[in-house]
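[1] no letters, just coordinates:
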């Protein structure tokens, strides 16, 4: 287990062995280790993270309100009221559903948890004399936040903002020192980031990622100005009908197309300028606005990620409701003695507001109850959502019992998806691959091959097309064509274990076991669980004549996959090839003691045309299987006729 957990730190979705959000991946791996694919454990952990973020947000707000700029303005009860109300408005907001309920977005919520913890410890260090201890805690939390998601990199700038708004006074040497230290740290991180990007060759990948989009950096920046204003609208008016896992957001092609682009830019500039102007008079308002826009910089500017996701507001919106809570506290405090009627009216309004927001969150969570329900909800709000259509096509094409109706429905979804609006160059070939994959799942391999070829023609650099085409050729029995595709893929793409698996299988069926063995060893080197390659290596060693070594690998593969009949049949074949009668008898008896006759018969029938695994010579093992079956039937029935195999299986 420790070795497997270590590999989770390098679970990059496209480049095996590359460090990728290790803290988030570790928590997901632990969830898998404890509860497998049961979603309950994942949801419990996500809720705990959300709850922890809320607690530290509450504590951080209290620390902010104790900073020198307020000079005990709110009093003990006032601080607790503002902090609690702000946290409630933030934590139960329906927009947070995507970050909390959608399991994989734990990466966003976990980064926010460590981010707010770091802020809290920094504030604690500024409000007490225990500077060093709390600053160390702050640094540790910063590293954990970075290990959860990259957008946490902006923490030093957030601390710089806190220092400038709430603590900095020109006449105070300590304040000046803190400000200078934070400025140096921020500049260091910027320079280190540029060096890191250049030194590791990430910069070319960054531009390659941009090449995969159907928009320019300029167009993305213009579009994000409208999206950020849209985010603010969702945060303050988060009714479930406005929320979706996928928003079809039109691209801004110029400052005036659409016209809302210019107005959004002006609105952002106005809010930022206003925030700077109000720093002295209304520091909470200024901080909330500047913190929000600052923490949108990574995901909502020029970096060519997907255009829009609701979970991107989880961290930036942390302090957004603090000034609202402060205003409501001021109004309540004002009318407490001045007008009791208005005081109770406003109190009831706040209570009802919280209730209605909570109901909205409950309704929004209902959409996440099932995968189908989530995408149908998306499609209901946006009938041309390409992501929803392609996802529903996959669910129809690969889920449930196969039927002509399901096949046709899946194909129709894919066709509609291909006619929609999309901003990725790989989307069109991906749709063609989806159609080919559905045909492949329905055993219509020739149609699948035709669509995989269309996908490659549409997107020659999209590697998934070559992999699927190679797999389809091998399934059909055209091993040379399959090998040609997979070798091209290995030469032109980042190698993965499944590429070498296909290469090795094609070579085995072409009766080239030695090169296949090389491919399977490369596969094993890329697998976190090495045992998953043992069967392939054992089969290749057996066909190469290394029977003793092959038996070791097959034995351990059989131990790891006790219910795998194919491994047991390969072990029997290896014993027959080695000519050891004792082992032959043992392996044959093992098969009949672990698998029933119908399953064995079915496997023997499928072996000659089932190319998805190591080849087994059915003509070599069938006589032994039949002889063992006959012997067992005689021992059971005595003088009765021997038990026959399935009528479709004939002996030669």
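    Yep, it's here. Model, not experiment: these values are computed from the prediction. Residues are numbered from 1 along each chain as shown.
[2] where does the chain dip in pLDDT?
    Applying pLDDT under 70 to the chain flags residues 1-7, 9-18, 130, 170-175, 190-211, 560-563, 635-652.
[3] pick out the residue nearest the middle of it.
    residue 104 (4.9 Å; C-alpha atoms, centre = their mean).
[4] check contacts around that residue.
    residue 28 (C-beta atoms under 8 Å, 6 or more residues apart in numbering). Yep, even glycine has a C-beta here, placed from its N, CA and C like the rest.
[5] what separates it from residue 30, distance-wise?
    15 Å (C-beta to C-beta, to the nearest Å).
[6] how about residue 482?
    38 Å.
[7] who has more neighbours out of these two?
    Higher neighbour count among residue 482 and residue 30: residue 482, with 25 against 15, using other C-beta atoms under 10 Å.
[8] quick check: which element contains that one?
    helix 479-492 (DSSP states H and E).
[9] what comes up buried for that helix?
    479, 481-487, 489-490 (16 or more other C-beta atoms under 10 Å).
[10] tell me how far it lies from the chain's centre.
    28 Å (C-alpha atoms, centre = their mean, to the nearest Å).
[11] who touches that helix?
    Residues contacting helix 479-492 (C-beta under 8 Å, 6+ apart): 463, 466-467, 469-474, 499-500, 502-503, 506-507, 509-510, 611.
[12] now the residue lying closest to residue 139 once chain neighbours are set aside, what's its secondary structure?
    Nearest in space to residue 139, with sequence neighbours left out and distances taken as C-beta to C-beta, 6 or more residues apart in numbering, is residue 118 at 7.8 Å. At residue 118 the chain is in helix, as set by DSSP: H, G, I helix; E, B strand; the rest coil.
[13] so what's residue 118 up against?
    Counted by C-beta under 8 Å, 6+ apart, residue 118 has contacts 137-139, 141-142, 145, 155, 159.
[14] how about a cut-off of 6 Å?
    By C-beta atoms under 6 Å, 6 or more residues apart in numbering, the contact list for residue 118 reads 138, 141-142, 155.
[15] by neighbours, which of these wins?
    Most surrounded of the contacts of residue 118: other C-beta under 10 Å gives residue 155, at 27 neighbours.
[16] okay, and that one sits in which element?
    Going by DSSP H and E, residue 155 is part of helix 155-162.
[17] now residue 368
    Applying DSSP H and E, one finds residue 368 in no helix or strand.
[18] cool, and residue 293?
    Per DSSP H and E: helix 283-294 holds residue 293.
[19] just checking, what packs against that helix?
    helix 260-277, helix 322-338 (3 or more C-beta pairs under 6 Å, 6 or more residues apart in numbering; DSSP states H and E).
[20] what residues does that helix touch?
    69, 157, 161, 165, 271, 275, 278-279, 316, 319-320, 322-323, 326.
[21] rebuild those as TSV, extending it with neighbour count.
    Formatted as TSV, the contacts of helix 283-294 follow (neighbours: other C-beta atoms under 10 Å):
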residue	neighbour count
69	17
157	20
161	19
165	21
271	18
275	21
278	16
279	17
316	27
319	25
320	20
322	26
323	20
326	24
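[22] between those residues, which sits nearest residue 83?
    residue 322 (8.0 Å; C-beta to C-beta).
[23] that closest one and residue 72, how far apart?
    From residue 322 to residue 72 the distance is 17 Å (C-beta to C-beta).
[24] same question for residue 428.
    Taken as C-beta to C-beta, the span from residue 428 to residue 72 is 62 Å.
[25] who has more neighbours, these two?
    A count of neighbours by other C-beta under 10 Å puts residue 428 above the other of residue 428 and residue 72, at 17 against 11.
[26] hmm, the more buried one is touching residue 457, no?
    No - using C-beta atoms under 6 Å, residue 428 makes no contact with residue 457, being 10.5 Å away.
[27] can you pull the phi/psi pair for residue 424?
    phi -110, psi 130 (degrees, to the nearest 10).
[28] show me what it bridges to in the sheet.
    Note on residue 424: beta-bridge partners by DSSP bridges are residue 213.
[29] okay, now it: neighbour count?
    So residue 424, with other C-beta under 10 Å, has 16 neighbours.
[30] list the contacts of residue 61.
    Counted by C-beta under 6 Å, 6+ apart, residue 61 has contacts 83, 86, 322.
[31] need those in CSV (columns: distance to residue 20).
    Putting those into CSV (distance: C-beta to C-beta, whole Å) gives the following:
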residue, distance to residue 20
83, 35
86, 33
322, 33
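[32] how close does the residue nearest to the centre of the chain sit to residue 98?
    From residue 104 to residue 98 the distance is 10 Å (C-beta to C-beta).
[33] re earlier: could you give me the ChimeraX selection string for whichever of the contacts of helix 479-492 are buried?
    Remark: buried members of the contacts of helix 479-492, expressed as a ChimeraX selection using 16+ other C-beta under 10 Å:
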select :463,466,467,469,470,471,472,473,474,499,500,502,503,506,507,509,611
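[34] what about the contacts of helix 479-492, which are in helices?
    463, 466-467, 469-474, 499-500, 502-503, 506-507, 509 (DSSP state H).
[35] okay, and residue 73 sits in which element?
    Using DSSP H and E, no helix or strand contains residue 73.
[36] neighbours around it, how many?
    Counted with other C-beta under 10 Å, residue 73 comes out at 10.
[37] distance of it from residue 66?
    Residue 73 is 10 Å from residue 66, by C-beta to C-beta.
[38] and for residue 385?
    Residue 385 is 47 Å from residue 66, by C-beta to C-beta.
[39] cool, and residue 319?
    15 Å.
[40] could you do residue 157 as well?
    From residue 157 to residue 66 the distance is 23 Å (C-beta to C-beta).
[41] looking at it, residue 244 is touching residue 376, isn't it?
    No - contact criterion C-beta under 6 Å: residue 244 and residue 376 do not qualify, at 11.5 Å.
[42] of those two, who's got more company?
    Between residue 244 and residue 376, counting by other C-beta under 10 Å, residue 244 is the more crowded of the two (24 against 16).
[43] is it correct that the more buried one falls within a helix?
    No - counting by three-state DSSP, residue 244 is located in no helix; its state is coil.
[44] where exactly do the strands run in this protein?
    Using DSSP state E, no strands are found in the chain.
[45] can you list the domains in it?
    Annotated domains of the chain cover 38-362, 533-652 [automatic domain parsing].
[46] between those domains, which one is closest to residue 443.
    Nearest to residue 443, of the domains of the chain and by C-beta to C-beta, is domain 533-652 at 11.3 Å.
[47] sounds good, over and out.
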